[in-house]
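Novice: Provided below are the primary sequence and the corresponding predicted coordinates.
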Amino acid sequence: MYMNKTKRNLIIAASIINLIDAGFGLLFAILLVFYKDALAAFEDYAILISYIPSNVVMSALSFAIALVGSILLFFAVRQKGKYFRTSQGIFIAGFIIVVLCGGFLPWILLLISFFISDVIVINRPNEVKREEKQEEKAYEDKKKQIEDLKRLRDSGLISEEEYKQKLFELL
């Protein structure tokens, strides 16, 4: 039983995009400190530059928080999501961090992932046949034990009460 691939891929994509977004924010904040005049020459991008925080410390803190959120999300879907059900708290913590401190696109991807089922169970045909054979064998074994009990009761080797007790234990 593994995690639904679509949900897992959405969570991984949100984590990666969150890291890239925070990394670019930190990079642009550093560039603004050293090359403020050079970036001011690009008047067409004035709106974009206005959204970038000019405080490097704030950008570094934002990057660190984004890194923690992404690591939590990656940890929640480790090993193809095999342990996702036991990592729900970690996933929720990563989700909250990304929603509060991350960008818009990671938030949307994580929101979409909430509407996708967690686990998908895929049985291969040979696994299904093996399970059917095991169930059939167990059924035949119980049937034989019940027939043996009936023969013992009919022959008088066990009483009616013993027969009912053992039958109850079998069923």
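Specialist: Everything's here; your move.

Novice: use CA for all of it now, contacts and neighbours both
Specialist: OK.

Novice: tell me the domain ranges of the protein?
Specialist: Domain assignment for the chain by automatic domain parsing gives 2-120, 125-170.

Novice: so which of those is the most packed in?
Specialist: Across these, averaging neighbours per residue (mean count of other Cα atoms under 10 Å) puts domain 2-120 on top, at a mean of 18.

Novice: related to what we said a few turns ago, mean pLDDT lowest where, among the domains of the chain?
Specialist: Lowest mean pLDDT within the domains of the chain: domain 2-120, at a mean of 76.

Novice: for residue 102, phi and psi?
Specialist: Backbone geometry at residue 102, expressed as degrees, to the nearest 10, gives phi -100, psi -170.

Novice: Isn't it up against residue 16?
Specialist: No. Look at residue 102 against residue 16 with Cα atoms under 8 Å: they stay out of range, at 11.1 Å.

Novice: which other helices and strands contact the helix or strand containing residue 13?
Specialist: Assigning secondary structure by DSSP states H and E places residue 13 in helix 5-34. Secondary-structure packing of helix 5-34 (3 or more Cα pairs under 8 Å, 6 or more residues apart in numbering; DSSP states H and E): helix 56-76, helix 78-81, helix 104-114.

Novice: For residue 134, find the nearest of those.
Specialist: helix 78-81 (28.5 Å; Cα to Cα).

Novice: moving C-terminal of that closest one, what's the next helix or strand?
Specialist: That would be, after helix 78-81 and using DSSP H and E, helix 88-101.

Novice: How far away from the center of its chain is that following helix?
Specialist: 13 Å (Cα atoms, centre = their mean, to the nearest Å).

Novice: tell me the angle of that helix relative to helix 5-34?
Specialist: 40 degrees (axes from the mean of the first three to the mean of the last three Cα atoms, to 10 degrees).
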